[in-house]
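Asker: Any chance you could fold what I've pasted below:
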Amino acid sequence: MRRLTAYLSRLFATDAIILFGIVCFLLWLVNCLRAFDVISVKGQSILVLGWQALLTMPQLATAFFYICIGIGLARALQALQANRELHIIHTSHGMGSLWRASAFVTAIAVLCALFLSNFLEPYANRRLNVLNAEVAADMVSSTLRPGRFTQITPGVVLLIGSRGDSGEISEFFADDRRDPEMRRTYIAESAKVSSDGKDYVLELRNGSLQSSGVDGRFTEISFDRYDVNVDRLSQPLAKIDPRAEQDTVQLIMTSMESGKWRKGTDSMIINRLAEGLRVIGIAMVVLAMMAFPSGKRSRFMVPMEAVVLLIAFGERGISAYSPLGGATGAVVLIVVAGAALFWRTRPRRIPMAVTA
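Answerer: Next up is the predicted model:
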(Lines give C-alpha, C1' and ligand atoms only; values in the text may rest on other atoms or scores of the structure.)
Protein backbone atom coordinates (compact mmCIF):
# COMPACT_ATOMS: atom_id res chain seq x y z
CA MET A 1 0.00 0.00 0.00
CA ARG A 2 1.41 3.37 -1.01
CA ARG A 3 2.16 5.98 1.62
CA LEU A 4 -0.56 8.32 0.39
CA THR A 5 -3.10 5.47 0.31
CA ALA A 6 -2.14 4.41 3.84
CA TYR A 7 -2.31 8.01 5.08
CA LEU A 8 -5.77 8.58 3.62
CA SER A 9 -7.00 5.19 4.89
CA ARG A 10 -5.90 6.04 8.44
CA LEU A 11 -7.51 9.46 8.16
CA PHE A 12 -10.85 8.09 6.94
CA ALA A 13 -10.94 5.21 9.43
CA THR A 14 -9.85 7.25 12.46
CA ASP A 15 -12.66 9.79 12.23
CA ALA A 16 -15.27 7.06 11.70
CA ILE A 17 -14.00 4.87 14.56
CA ILE A 18 -13.83 7.77 17.03
CA LEU A 19 -17.36 8.90 16.16
CA PHE A 20 -18.72 5.35 16.33
CA GLY A 21 -17.09 4.78 19.73
CA ILE A 22 -18.48 8.00 21.18
CA VAL A 23 -22.00 7.31 19.94
CA CYS A 24 -21.88 3.73 21.26
CA PHE A 25 -20.74 4.91 24.70
CA LEU A 26 -23.43 7.59 24.93
CA LEU A 27 -26.19 5.19 23.85
CA TRP A 28 -24.93 2.59 26.33
CA LEU A 29 -25.24 5.16 29.13
CA VAL A 30 -28.75 6.04 27.94
CA ASN A 31 -29.72 2.36 27.95
CA CYS A 32 -28.35 2.01 31.47
CA LEU A 33 -30.50 4.91 32.64
CA ARG A 34 -33.59 3.53 30.89
CA ALA A 35 -33.14 0.10 32.48
CA PHE A 36 -32.20 1.35 35.95
CA ASP A 37 -35.22 -0.47 37.38
CA VAL A 38 -33.09 -3.62 37.08
CA ILE A 39 -31.31 -2.32 40.20
CA SER A 40 -33.99 -0.25 41.91
CA VAL A 41 -36.91 -2.66 41.50
CA LYS A 42 -35.60 -6.03 40.39
CA GLY A 43 -32.77 -6.16 42.91
CA GLN A 44 -29.94 -6.94 40.47
CA SER A 45 -26.35 -5.73 40.57
CA ILE A 46 -24.88 -2.91 38.52
CA LEU A 47 -22.97 -5.51 36.49
CA VAL A 48 -26.26 -7.05 35.36
CA LEU A 49 -27.49 -3.58 34.43
CA GLY A 50 -24.37 -2.87 32.37
CA TRP A 51 -24.51 -6.28 30.66
CA GLN A 52 -28.19 -5.89 29.80
CA ALA A 53 -27.57 -2.42 28.35
CA LEU A 54 -24.62 -3.79 26.37
CA LEU A 55 -26.75 -6.56 24.85
CA THR A 56 -29.18 -3.97 23.49
CA MET A 57 -26.36 -2.16 21.67
CA PRO A 58 -25.82 -4.33 18.55
CA GLN A 59 -29.27 -3.57 17.17
CA LEU A 60 -28.73 0.15 17.68
CA ALA A 61 -25.16 -0.03 16.40
CA THR A 62 -26.34 -1.67 13.20
CA ALA A 63 -28.75 1.21 12.59
CA PHE A 64 -26.21 4.03 12.91
CA PHE A 65 -22.95 2.32 11.91
CA TYR A 66 -23.13 3.34 8.24
CA ILE A 67 -24.02 6.88 9.30
CA CYS A 68 -20.81 7.07 11.33
CA ILE A 69 -18.87 5.84 8.30
CA GLY A 70 -20.42 8.54 6.14
CA ILE A 71 -19.83 11.32 8.68
CA GLY A 72 -16.27 10.17 9.33
CA LEU A 73 -15.50 10.15 5.63
CA ALA A 74 -17.11 13.57 5.19
CA ARG A 75 -15.16 15.10 8.08
CA ALA A 76 -11.87 13.71 6.74
CA LEU A 77 -12.51 15.04 3.24
CA GLN A 78 -13.59 18.38 4.69
CA ALA A 79 -10.29 18.60 6.58
CA LEU A 80 -8.36 17.77 3.41
CA GLN A 81 -10.30 20.50 1.60
CA ALA A 82 -9.62 23.05 4.36
CA ASN A 83 -5.84 22.59 4.40
CA ARG A 84 -5.59 22.34 0.60
CA GLU A 85 -4.33 18.74 0.68
CA LEU A 86 -7.23 17.70 -1.53
CA HIS A 87 -6.11 20.24 -4.15
CA ILE A 88 -2.59 18.83 -4.05
CA ILE A 89 -3.91 15.28 -4.46
CA HIS A 90 -5.78 16.29 -7.61
CA THR A 91 -2.99 18.33 -9.16
CA SER A 92 -0.33 15.69 -8.42
CA HIS A 93 -2.37 12.86 -9.96
CA GLY A 94 -3.03 11.24 -6.59
CA MET A 95 -6.68 10.42 -7.18
CA GLY A 96 -5.82 6.75 -7.56
CA SER A 97 -4.65 6.70 -3.94
CA LEU A 98 -7.81 8.50 -2.85
CA TRP A 99 -10.03 5.93 -4.58
CA ARG A 100 -8.00 3.01 -3.22
CA ALA A 101 -8.11 4.35 0.33
CA SER A 102 -11.84 4.96 0.10
CA ALA A 103 -12.44 1.48 -1.32
CA PHE A 104 -10.27 -0.15 1.36
CA VAL A 105 -12.00 1.61 4.27
CA THR A 106 -15.44 1.00 2.74
CA ALA A 107 -14.71 -2.71 2.25
CA ILE A 108 -13.63 -3.10 5.90
CA ALA A 109 -16.74 -1.18 6.99
CA VAL A 110 -18.98 -3.43 4.86
CA LEU A 111 -17.55 -6.54 6.54
CA CYS A 112 -18.09 -4.97 9.99
CA ALA A 113 -21.67 -4.00 9.12
CA LEU A 114 -22.47 -7.50 7.85
CA PHE A 115 -20.94 -9.04 10.98
CA LEU A 116 -23.04 -6.75 13.17
CA SER A 117 -26.34 -7.44 11.40
CA ASN A 118 -25.91 -11.11 10.52
CA PHE A 119 -24.12 -12.53 13.54
CA LEU A 120 -23.60 -10.18 16.50
CA GLU A 121 -27.16 -8.83 16.63
CA PRO A 122 -28.84 -12.30 16.65
CA TYR A 123 -26.38 -13.47 19.31
CA ALA A 124 -27.14 -10.41 21.46
CA ASN A 125 -30.89 -10.95 21.05
CA ARG A 126 -30.52 -14.55 22.20
CA ARG A 127 -28.39 -13.65 25.21
CA LEU A 128 -30.70 -10.75 26.13
CA ASN A 129 -33.78 -13.00 26.21
CA VAL A 130 -31.93 -15.51 28.38
CA LEU A 131 -30.78 -12.73 30.72
CA ASN A 132 -34.30 -11.30 31.03
CA ALA A 133 -35.64 -14.74 31.90
CA GLU A 134 -32.91 -15.23 34.52
CA VAL A 135 -33.64 -11.83 36.06
CA ALA A 136 -37.37 -12.56 36.18
CA ALA A 137 -36.80 -16.01 37.69
CA ASP A 138 -34.44 -14.61 40.31
CA MET A 139 -36.89 -11.86 41.08
CA VAL A 140 -39.78 -14.27 41.62
CA SER A 141 -37.76 -16.83 43.57
CA SER A 142 -35.69 -14.61 45.86
CA THR A 143 -36.07 -10.87 45.29
CA LEU A 144 -39.80 -10.19 45.69
CA ARG A 145 -40.68 -8.76 49.06
CA PRO A 146 -43.61 -10.49 50.79
CA GLY A 147 -46.74 -8.37 51.07
CA ARG A 148 -45.60 -5.82 48.52
CA PHE A 149 -46.95 -5.32 44.99
CA THR A 150 -44.08 -5.32 42.47
CA GLN A 151 -44.17 -4.62 38.74
CA ILE A 152 -41.75 -6.98 36.98
CA THR A 153 -42.55 -5.62 33.53
CA PRO A 154 -44.98 -2.91 32.36
CA GLY A 155 -48.48 -4.33 32.83
CA VAL A 156 -47.57 -7.28 35.09
CA VAL A 157 -47.81 -6.95 38.90
CA LEU A 158 -46.87 -9.70 41.38
CA LEU A 159 -47.61 -10.21 45.06
CA ILE A 160 -46.49 -13.01 47.37
CA GLY A 161 -47.48 -13.81 50.95
CA SER A 162 -44.24 -15.35 52.21
CA ARG A 163 -41.22 -17.35 51.08
CA GLY A 164 -39.87 -20.55 52.59
CA ASP A 165 -36.26 -21.62 53.04
CA SER A 166 -36.39 -23.87 49.97
CA GLY A 167 -37.75 -21.10 47.75
CA GLU A 168 -41.38 -22.19 48.15
CA ILE A 169 -43.78 -19.25 47.78
CA SER A 170 -47.14 -19.09 49.54
CA GLU A 171 -50.15 -17.02 48.47
CA PHE A 172 -49.04 -16.15 44.95
CA PHE A 173 -50.87 -13.45 42.98
CA ALA A 174 -50.12 -12.10 39.49
CA ASP A 175 -52.13 -9.57 37.48
CA ASP A 176 -51.40 -9.32 33.75
CA ARG A 177 -52.88 -6.27 31.97
CA ARG A 178 -50.51 -6.06 28.99
CA ASP A 179 -53.26 -7.06 26.54
CA PRO A 180 -55.81 -4.22 26.32
CA GLU A 181 -58.48 -6.72 25.27
CA MET A 182 -57.83 -9.38 27.91
CA ARG A 183 -56.88 -9.24 31.59
CA ARG A 184 -55.50 -12.37 33.26
CA THR A 185 -55.12 -12.98 36.97
CA TYR A 186 -53.19 -15.91 38.47
CA ILE A 187 -54.01 -16.91 42.05
CA ALA A 188 -52.38 -19.88 43.80
CA GLU A 189 -51.84 -21.16 47.32
CA SER A 190 -48.19 -21.92 46.57
CA ALA A 191 -45.66 -21.44 43.79
CA LYS A 192 -42.10 -22.38 42.99
CA VAL A 193 -39.61 -21.51 40.25
CA SER A 194 -37.91 -24.47 38.58
CA SER A 195 -35.68 -24.96 35.54
CA ASP A 196 -35.36 -27.75 33.02
CA GLY A 197 -31.92 -26.56 31.96
CA LYS A 198 -33.30 -24.43 29.15
CA ASP A 199 -36.35 -22.49 30.38
CA TYR A 200 -37.59 -21.25 33.73
CA VAL A 201 -41.05 -22.43 34.77
CA LEU A 202 -43.27 -21.08 37.53
CA GLU A 203 -45.16 -23.99 39.11
CA LEU A 204 -48.50 -22.86 40.54
CA ARG A 205 -50.46 -25.21 42.82
CA ASN A 206 -54.07 -25.16 44.05
CA GLY A 207 -55.26 -22.00 42.41
CA SER A 208 -57.24 -20.44 39.60
CA LEU A 209 -56.76 -18.52 36.38
CA GLN A 210 -59.25 -15.69 35.89
CA SER A 211 -59.76 -13.95 32.55
CA SER A 212 -61.91 -10.94 31.72
CA GLY A 213 -62.34 -9.25 28.35
CA VAL A 214 -63.44 -5.81 27.22
CA ASP A 215 -66.84 -7.27 26.34
CA GLY A 216 -67.47 -8.05 30.02
CA ARG A 217 -67.08 -11.82 29.77
CA PHE A 218 -65.45 -13.46 32.77
CA THR A 219 -63.99 -16.96 32.94
CA GLU A 220 -62.30 -18.83 35.76
CA ILE A 221 -60.33 -22.07 35.57
CA SER A 222 -59.35 -23.92 38.73
CA PHE A 223 -56.29 -26.15 38.78
CA ASP A 224 -54.24 -28.38 41.04
CA ARG A 225 -51.07 -27.50 39.15
CA TYR A 226 -50.45 -24.96 36.42
CA ASP A 227 -47.03 -24.28 34.88
CA VAL A 228 -46.33 -20.80 33.51
CA ASN A 229 -43.20 -20.02 31.57
CA VAL A 230 -41.39 -17.17 33.29
CA ASP A 231 -40.78 -15.57 29.89
CA ARG A 232 -44.54 -15.27 29.48
CA LEU A 233 -44.73 -12.96 32.49
CA SER A 234 -41.41 -11.16 32.14
CA GLN A 235 -41.37 -10.29 28.44
CA PRO A 236 -43.42 -7.71 26.53
CA LEU A 237 -46.71 -8.98 25.17
CA ALA A 238 -45.51 -8.99 21.57
CA LYS A 239 -44.37 -12.46 20.63
CA ILE A 240 -40.63 -12.80 20.17
CA ASP A 241 -39.69 -14.05 16.73
CA PRO A 242 -37.24 -16.92 17.28
CA ARG A 243 -35.64 -16.15 13.92
CA ALA A 244 -34.30 -12.90 15.39
CA GLU A 245 -32.09 -15.06 17.63
CA GLN A 246 -30.63 -17.02 14.71
CA ASP A 247 -27.78 -15.76 12.57
CA THR A 248 -28.12 -15.76 8.81
CA VAL A 249 -26.23 -19.03 8.33
CA GLN A 250 -28.55 -20.79 10.79
CA LEU A 251 -31.61 -19.35 9.06
CA ILE A 252 -30.45 -20.62 5.68
CA MET A 253 -29.47 -24.05 7.03
CA THR A 254 -32.78 -24.44 8.88
CA SER A 255 -34.77 -23.51 5.77
CA MET A 256 -32.76 -25.89 3.59
CA GLU A 257 -33.21 -28.77 6.06
CA SER A 258 -36.97 -28.22 6.30
CA GLY A 259 -37.29 -27.82 2.54
CA LYS A 260 -39.36 -24.65 2.77
CA TRP A 261 -38.89 -21.02 3.66
CA ARG A 262 -41.03 -19.54 6.39
CA LYS A 263 -42.84 -16.36 5.49
CA GLY A 264 -40.64 -13.37 6.17
CA THR A 265 -37.33 -15.27 6.32
CA ASP A 266 -36.16 -14.02 2.93
CA SER A 267 -37.01 -10.40 3.80
CA MET A 268 -35.16 -10.75 7.13
CA ILE A 269 -32.03 -11.98 5.36
CA ILE A 270 -32.28 -9.23 2.73
CA ASN A 271 -32.62 -6.57 5.44
CA ARG A 272 -29.51 -7.89 7.15
CA LEU A 273 -27.49 -7.95 3.94
CA ALA A 274 -28.75 -4.46 3.05
CA GLU A 275 -26.57 -3.00 5.82
CA GLY A 276 -23.51 -3.66 3.67
CA LEU A 277 -25.13 -1.89 0.71
CA ARG A 278 -25.93 1.09 2.93
CA VAL A 279 -22.26 1.49 3.79
CA ILE A 280 -21.33 1.42 0.09
CA GLY A 281 -24.11 3.85 -0.81
CA ILE A 282 -23.35 6.44 1.87
CA ALA A 283 -19.61 6.29 1.11
CA MET A 284 -20.21 6.83 -2.61
CA VAL A 285 -22.54 9.77 -1.92
CA VAL A 286 -19.99 11.46 0.34
CA LEU A 287 -17.22 10.92 -2.23
CA ALA A 288 -19.41 12.33 -5.01
CA MET A 289 -20.06 15.47 -2.94
CA MET A 290 -16.67 16.09 -1.31
CA ALA A 291 -13.87 14.25 -3.10
CA PHE A 292 -13.41 17.11 -5.57
CA PRO A 293 -11.93 20.46 -4.48
CA SER A 294 -13.85 23.64 -4.95
CA GLY A 295 -12.59 27.22 -4.98
CA LYS A 296 -16.00 28.67 -4.21
CA ARG A 297 -16.47 30.44 -0.89
CA SER A 298 -19.85 30.31 0.74
CA ARG A 299 -21.08 32.72 3.36
CA PHE A 300 -23.04 29.95 5.01
CA MET A 301 -21.35 26.60 5.49
CA VAL A 302 -23.80 23.70 5.66
CA PRO A 303 -22.63 21.13 8.24
CA MET A 304 -21.89 17.96 6.33
CA GLU A 305 -22.83 15.89 9.37
CA ALA A 306 -26.39 17.18 9.04
CA VAL A 307 -26.37 16.49 5.29
CA VAL A 308 -25.30 12.89 5.86
CA LEU A 309 -28.00 12.44 8.50
CA LEU A 310 -30.65 13.80 6.13
CA ILE A 311 -29.48 11.48 3.37
CA ALA A 312 -29.59 8.50 5.75
CA PHE A 313 -33.07 9.55 6.89
CA GLY A 314 -34.26 9.68 3.29
CA GLU A 315 -32.70 6.30 2.55
CA ARG A 316 -34.46 4.72 5.52
CA GLY A 317 -37.75 6.25 4.42
CA ILE A 318 -37.40 4.87 0.89
CA SER A 319 -36.50 1.42 2.21
CA ALA A 320 -39.37 1.39 4.71
CA TYR A 321 -42.11 2.28 2.23
CA SER A 322 -40.76 0.61 -0.89
CA PRO A 323 -42.57 -2.57 -1.98
CA LEU A 324 -39.27 -3.84 -3.42
CA GLY A 325 -37.69 -4.54 -0.03
CA GLY A 326 -35.43 -3.06 2.60
CA ALA A 327 -32.46 -2.66 0.27
CA THR A 328 -34.24 -0.24 -2.08
CA GLY A 329 -32.90 2.92 -0.46
CA ALA A 330 -29.32 1.65 -0.49
CA VAL A 331 -29.58 0.70 -4.18
CA VAL A 332 -30.93 4.17 -4.97
CA LEU A 333 -27.96 5.76 -3.17
CA ILE A 334 -25.51 3.59 -5.11
CA VAL A 335 -27.10 4.34 -8.48
CA VAL A 336 -27.36 8.11 -7.90
CA ALA A 337 -23.89 8.42 -6.40
CA GLY A 338 -22.42 6.21 -9.14
CA ALA A 339 -23.91 8.45 -11.83
CA ALA A 340 -22.58 11.56 -10.06
CA LEU A 341 -19.08 10.08 -9.73
CA PHE A 342 -19.07 9.06 -13.39
CA TRP A 343 -20.07 12.58 -14.41
CA ARG A 344 -17.43 14.28 -12.24
CA THR A 345 -14.61 11.94 -13.27
CA ARG A 346 -15.39 11.89 -16.99
CA PRO A 347 -12.50 12.94 -19.26
CA ARG A 348 -12.84 16.53 -20.40
CA ARG A 349 -11.43 18.22 -23.45
CA ILE A 350 -8.98 21.01 -22.88
CA PRO A 351 -9.62 23.90 -25.30
CA MET A 352 -6.68 24.57 -27.61
CA ALA A 353 -5.26 28.06 -27.67
CA VAL A 354 -5.64 29.81 -31.01
CA THR A 355 -2.52 31.67 -32.20
CA ALA A 356 -2.59 34.36 -34.80
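
Asker: so what's Tyr226 closest to, chain neighbours aside?
Answerer: Spatial nearest neighbour of Tyr226, excluding adjacent residues (C-beta to C-beta, 6 or more residues apart in numbering): Leu204 at 4.5 Å. Where C-beta positions appear, they are placed from N, C-alpha and C, glycine not excepted.

Asker: scratch that, Leu114
Answerer: Using C-beta to C-beta, 6+ apart, the closest residue to Leu114 is Gly276 (4.8 Å).

Asker: Identify each buried residue in whichever strand or helix holds that neighbour, please.
Answerer: Following DSSP states H and E, one finds Gly276 within helix 265-290. For helix 265-290, burial by neighbour count (16 or more other C-beta atoms under 10 Å) applies to 265, 268-269, 272-290.

Asker: Can you name every helix or strand that it contacts?
Answerer: With contacts taken as 3 or more C-beta pairs under 8 Å, 6 or more residues apart in numbering; DSSP states H and E, helix 265-290 sits against helix 57-82, helix 95-115, helix 248-258, helix 304-321, helix 328-344.

Asker: Of those, which is nearest Val230?
Answerer: Between Val230 and the helices and strands packed on helix 265-290, the tightest spacing by C-beta to C-beta is seen for helix 57-82, at 23.1 Å.

Asker: what's the spacing between the closest one and its chain's center?
Answerer: Helix 57-82 sits 16 Å away from the centroid of its parent chain (C-alpha atoms, centre = their mean, to the nearest Å).

Asker: Renumber starting at 287 from here on
Answerer: Shifting the count to begin at 287 puts that one at helix 343-368.

Asker: I'd like the next helix or strand past that helix.
Answerer: Downstream of helix 343-368, the first helix or strand assigned by DSSP H and E is helix 371-377.

Asker: picking that back up, tell me the mean pLDDT over the helix holding Gly562?
Answerer: The average pLDDT for helix 551-576 rounds to 90.

Asker: ok, back up a step: isn't the residue nearest to Tyr512 right next to Ser456, touching?
Answerer: No - at 11.7 Å, Leu490 does not count as touching Ser456 under the criterion of C-beta atoms under 8 Å.

Asker: overlap in contacts of the two?
Answerer: Here Leu490 and Ser456 share the contacting residues Ser476, scored by C-beta atoms under 8 Å, 6 or more residues apart in numbering.

Asker: which one of the two has more residues nearby?
Answerer: More crowded of Leu490 and Ser456, by other C-beta atoms under 10 Å: Leu490, with 24 against 14.

Asker: which residues touch that one?
Answerer: For Leu490, the contact set (C-beta under 8 Å, 6+ apart) comprises Phe458, Tyr472, Ala474, Ser476, Ala477, Phe509, Arg511, Tyr512, Asp513, Val514.

Asker: gap between the fifth one and Gly450?
Answerer: The one in question is Ala477. Counting by C-beta to C-beta, to the nearest Å, the gap between Ala477 and Gly450 amounts to 11 Å.

Asker: Is Gly447 in a helix, a strand, or coil?
Answerer: When classified by DSSP: H, G, I helix; E, B strand; the rest coil, Gly447 comes out as strand.
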